[in-house]
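Student: here's a sequence, model it:
(one chain, ligands or ions: 2)
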Amino acid sequence: MAIRGDVAARQALALPADGGEMGAAASRLDPARARQRKLPEPPPVTEHGPARVIAMCNQKGGVGKTTSTINLGAALVEYGRRVLLVDLDPQGALSVGLGVPAQQLERTVYNALMEHRTTLADVRVATDVPGLDLVPSNIDLSAAEVQLVSEVAREQTLLRALDSVRDEYDYILIDCQPSLGLLTVNALTAAHGVMIPLECEFFSLRGVALLVDTIDKVKERLNPELEISGILATMYDTRTVHCREVFSRVVEAFGDTVFQTVIQRTVRFPETTVAGQPITTWAPTSSGAAAYRDLAKEVIAL
Ligand SMILES: Nc1ncnc2c1ncn2[C@@H]1O[C@H](COP(=O)(O)OP(=O)(O)O)[C@@H](O)[C@H]1O
Ligand SMILES: [Mg+2]
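Tutor: Ligands and ions are numbered 1, 2, ... in the order given. Below you'll find the model as predicted:
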């Protein structure tokens with residue numbers, strides 16, 4: 001894949017201006033901005049469940065899976081949805097990011113997957129955000145990848161485990177680890193949709209083909225309903241040609257599967273991890289919080 005020069009990029013990006021606050025010229029230079037349309041306000045809900053299950057997946061680390069799981073979850077809650085976040089990464093970053101001291105917990109997602117008498121409902125905890133619950137994880141889960149191999153119907157373990165909770169929630173978001181191993185296959189088998197957070201950086205594009213391949217295989221063999229909910233551009237930086245280029249390539253390749261919402265690169269996100277809170281409560285008026293609210297609107301409208 002060739003990266004085009006700046007001039008060619010400008011020409012390729014000469015999309016119709018949307019007349020937004022940045023003005024026509026700026027909009028032409030920002031392919032994400034140019035795609036943006038007004039999003040519908042989510043309708044209120046009076047009843048909850050059964051949940052739509054979304055796996056947040058990319059085998060590359062540091063692309064914003066965990067950040068997006070936390071903040072999309074928190075934004076969905078603001079729209080009155082009940083949300084369960086499932087930490088399926090032994091690193092436990094999702095748990096830490098929500099202020100849950102998972103390393104000290106006796107029971108986590110590991111127990112619900114491996115012990116027949118323990119359910120996900122038994123190990124879930126409430127977070128500080130009302131309506132947002134968490135199934136925590138810690139290093140114990142790293143053993144599951146190996147132990148699951150000898151289980152009957154090993155790919156469907158998480159799918160079965162979700163039965164104890166799916167009727168209580170509108171959305172269940174699964175934060176996957178950066179690999180395409182058995183835990184991730186479990187997430188893809190349990191999910192209705194996959195969201196692919198993608199850092200706007202050239203090397204990110206390579207991995208997506210492999211991921212899409214894996215998704216296709218799971219769809220064919222284990223979960224015919226599975227679809228790609230969308231690709232989410234993260235760490236977007238309007239100021240760099242490179243980032244705008246990569247975004248344009250992703251849109252060329254995946255079209256409407258790319259969410260119109262993009263997540264800008266900002267230090268506010270690392271800050272929220274330290275605070276152990278979603279950005280929607282830590283910095284509720286920030287542009288990062290607004291972006292995840294927009295993403296929630298798109299997800300609800302799917
Ligand atoms: N939009 C963003 N801008 C700046 N930093 C971000 C952004 N999203 C995530 N980060 C930071 O990048 C690091 C990796 O993000 P994370 O969500 O943990 O990725 P993953 O779960 O894919 O490994 C974290 O330190 C996080 O705070
Ligand atoms: Mg993560």
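Student: in this protein, what residue lies closest to ligand 2?
Tutor: Proximity of the chain to ligand 2 (CB to the ion) peaks at residue 66, 3.3 Å away. C-beta coordinates here come from the backbone N, C-alpha and C atoms, glycine included.
Student: how many neighbouring residues does that residue have?
Tutor: 28 (other CB atoms under 10 Å).
Student: so it makes contact with residue 89?
Tutor: Yes - at 7.3 Å, residue 66 and residue 89 qualify as touching, with contact defined as CB atoms under 8 Å.
Student: now residue 177. Nearest residue, chain neighbours left out?
Tutor: For residue 177, ignoring the flanking residues on the chain, the nearest one in space by CB to CB, 6 or more residues apart in numbering is residue 89 at 3.8 Å.
Student: does that neighbour touch residue 139 like I think?
Tutor: No - with contacts counted by CB under 8 Å, residue 89 stays clear of residue 139, the gap being 10.3 Å.
Student: more crowded one of those two?
Tutor: residue 89 (26 against 13).
Student: from ligand 1, how far off is that one?
Tutor: According to CB to the nearest ligand atom, to the nearest Å, residue 89 stands 7 Å off from ligand 1.
Student: which residues of the stretch 201-302 of the chain lie near ligand 1?
Tutor: Contact residues (CB under 6 Å from any ligand atom) of the stretch 201-302 of the chain with ligand 1: 234, 235, 263, 265, 266, 269, 270, 273.
Student: which residues in the stretch 101-250 of the chain form strands?
Tutor: With DSSP state E, counting those that start in this stretch applied, the stretch 101-250 of the chain shows strands at 125-126, 132-135, 171-176, 193-199, 227-236, listed in chain order.
Student: highest mean neighbour count out of those?
Tutor: strand 171-176 (a mean of 28; mean count of other CB atoms under 10 Å).
Student: hmm, residue 35 is touching residue 261, no?
Tutor: No - look at residue 35 against residue 261 with CB under 8 Å: they stay out of range, at 9.7 Å.
Student: so which of the two has more stuff around it?
Tutor: residue 261 (24 against 18).
Student: ok, that one touching residue 299?
Tutor: No - taking contacts as CB under 8 Å, residue 261 lies outside contact range of residue 299: 9.4 Å.
Student: and for residue 66 and residue 89, which residues touch both?
Tutor: residue 175 (CB atoms under 8 Å, 6 or more residues apart in numbering).
Student: residue contacts, residue 229?
Tutor: The contact partners of residue 229, by CB under 8 Å, 6+ apart, come to 54, 192, 193, 194, 195, 299, 302.
Student: ok, now with 10 Å
Tutor: For residue 229, the contacting residues are 52, 54-56, 191-196, 257, 259, 298-299, 302, by CB atoms under 10 Å, 6 or more residues apart in numbering.
Student: quick check on these: which are buried?
Tutor: Judged by neighbour count, with 16 or more other CB atoms under 10 Å as the criterion, the buried members of those are 52, 54-56, 191-196, 259, 298-299.
Student: mind putting these into a markdown table with distance to residue 116 and pLDDT?
Tutor: As requested, those are arranged in a markdown table below (distance: CB to CB, whole Å; pLDDT from 0 to 100):
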| residue | distance to residue 116 | pLDDT |
| --- | --- | --- |
| 52 | 27 | 98 |
| 54 | 27 | 98 |
| 55 | 24 | 98 |
| 56 | 27 | 98 |
| 191 | 23 | 98 |
| 192 | 25 | 98 |
| 193 | 28 | 98 |
| 194 | 28 | 98 |
| 195 | 31 | 98 |
| 196 | 33 | 98 |
| 259 | 39 | 97 |
| 298 | 38 | 98 |
| 299 | 33 | 98 |
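Student: ok so, going back, so what sits against both of residue 261 and residue 299?
Tutor: Taking CB under 10 Å, 6+ apart as the contact rule, the neighbours common to residue 261 and residue 299 are 72, 230, 232.
Student: does the first one touch residue 288 like I think?
Tutor: I take that to be residue 72. No - using CB atoms under 10 Å, residue 72 is not in contact with residue 288, being 11.9 Å away.
Student: so which of those two has more stuff around it?
Tutor: In this view residue 72 and residue 288 are compared by other CB under 10 Å, and residue 72 has more residues nearby, 29 against 23.
Student: what values do phi and psi take at the more buried one?
Tutor: Geometry field for residue 72 lists phi and psi as phi -70, psi -40, criterion degrees, to the nearest 10.
Student: which ones are touching it?
Tutor: Residue 72 touches 54, 56, 83, 85, 171, 173, 195, 197, 232, 261, 263, 278, 280, 292-293, 295-296, 298-299, counting by CB under 10 Å, 6+ apart.
Student: report pLDDT for it.
Tutor: In this model, residue 72 is scored at 98, pLDDT.
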